[in-house]
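K.L.:
Everything below, folded, please.
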Amino acid sequence: MTDRPIIPFVSNISAASRNAWSVQLQAALPDFRIVPFDPNVDFANAEFALVANPDPDHLSQLPNLKWVQSLWAGVEKLVHSLPNDVAIVRMADPQLAKTMAEAVLTMTLYLHRDLPKYASQQASGIWEQHDVVLPEDRKVGVLGLGALGRSACAALSRHGFDVLGWSRSPKSIPNVRCFSGEDGLTDLLHVSDIVVVLLPLTTTTRGLLDHTRLSRMKSGASVINFARAQIIETDALLNMLAARHLNHAVLDVFAVEPLPRMDRLWRTDNLTILPHVSAPTNMKTASVVAAKNIATYFRTGQVPDSVDRQRGY
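P.N.:
Got it, this is the predicted structure:
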């Protein structure tokens, strides 16, 4: 059994997570030997590696590396740290899209049914009922129409919401009014009651929702960020929340995680904080996806579809 090809598993995660991942990956790749990175192991023949938040220095010690299979969907750190001749294959797991769609629908309903307001009332012992808005009268704008965005749009549409979507280039999606470009973004922000951010972090999306664009949002609108913290300028968001131009924000991603206990975000009353739980990678299904990509490469020599370094995703 020792003649099975070795696949290096390069990660900077907890020992418990690394062990759990190793079990799932090994089960999905029985014809290979999954070996966590160790500088004392000879990885000279390894053409690809499985990676999860890897130390770039460890990857540089794989002299024949041609591509990496990321176990995460977000790859912005890899884009900036790996040489251009090493292809990056991001995790494109259909289960991830389903999980994200569930999270988007959950928190959209949370805002749609005014649950933050009722929680605040409970804290003050206030019994007061508010009108219920029909889903078809609630416009939900989704920024980012990749696999995650499309799945989220479908879930929102099935629930009856009036769904709008925005992407860099024009797209057409059933039951979604699609916008693109700067003018399209302005139009979407201007009319949406709830804006959901599902964009990748790139040089063009960093700081996309700054003071100017947040001020273009409909007065009383809310925002959900399930993408990357750096896409929304924190100071501008807090100013908009304090001025009540924005009604509420749901944040699942932060520049520093875990969010420090003394961070001012914890003390913002119209802000819901989640500990990066919107769409965690499922080890079992992701391992199957990674195994399929590796098996295809081993059979054909073709590197799976990889990240466009210019676009950053």
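K.L.:
which residue packs closest to Asn293, ignoring adjacent ones?
P.N.:
Pro304 (4.3 Å; Cβ to Cβ, 6 or more residues apart in numbering). For glycine as for every other residue, the C-beta is placed from the backbone atoms N, C-alpha and C.
K.L.:
Could you do Ile88 as well?
P.N.:
Nearest residue to Ile88, sequence neighbours excluded (Cβ to Cβ, 6+ apart): Val307, at 4.3 Å.
K.L.:
And the one you found, how close does it get to Thr300?
P.N.:
Here Val307 is placed at a distance of 20 Å from Thr300 (Cβ to Cβ, to the nearest Å).
K.L.:
Tell me which of these two has more neighbours.
P.N.:
Neighbours per residue, other Cβ atoms under 10 Å: of Val307 and Thr300, the larger number sits with Val307, 19 against 9.
K.L.:
Kindly state the pLDDT recorded for the more buried one?
P.N.:
pLDDT for Val307: 94.
K.L.:
Gly146 too?
P.N.:
At Gly146, the model reports a pLDDT of 94.
K.L.:
Quick one: residues contacting it.
P.N.:
Contact partners of Gly146, counting by Cβ atoms under 8 Å, 6 or more residues apart in numbering, are 167, 198, 200, 313.
K.L.:
Next step: those restricted to strands.
P.N.:
Mapping the contacts of Gly146 onto strands (DSSP state E) picks out Ser167.
K.L.:
Select only the buried ones of the contacts of Gly146 in ChimeraX?
P.N.:
Burial among those is assessed by 16 or more other Cβ atoms under 10 Å; the matching ChimeraX selection reads:
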select :167,198,200,313
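K.L.:
List just the nearest of the contacts of Gly146 to Ile273.
P.N.:
Leu198 (18.4 Å; Cβ to Cβ).
K.L.:
In contact with the closest residue to the closest one other than its chain neighbours, which residues are there?
P.N.:
Using Cβ to Cβ, 6+ apart and skipping residues adjacent in sequence, the residue nearest Leu198 is Gly144, 3.8 Å away. By Cβ under 8 Å, 6+ apart, Gly144 lies in contact with 166-167, 197-200, 227.
K.L.:
so, if you compare the residues you listed, which one comes nearest to Ala103?
P.N.:
Minimum distance to Ala103 across these is 10.2 Å, recorded for Leu198 (Cβ to Cβ).
K.L.:
Surely the closest one is in contact with Cys153?
P.N.:
No. The pair Leu198 / Cys153 is not scored as a contact, 9.4 Å apart, by Cβ atoms under 8 Å.
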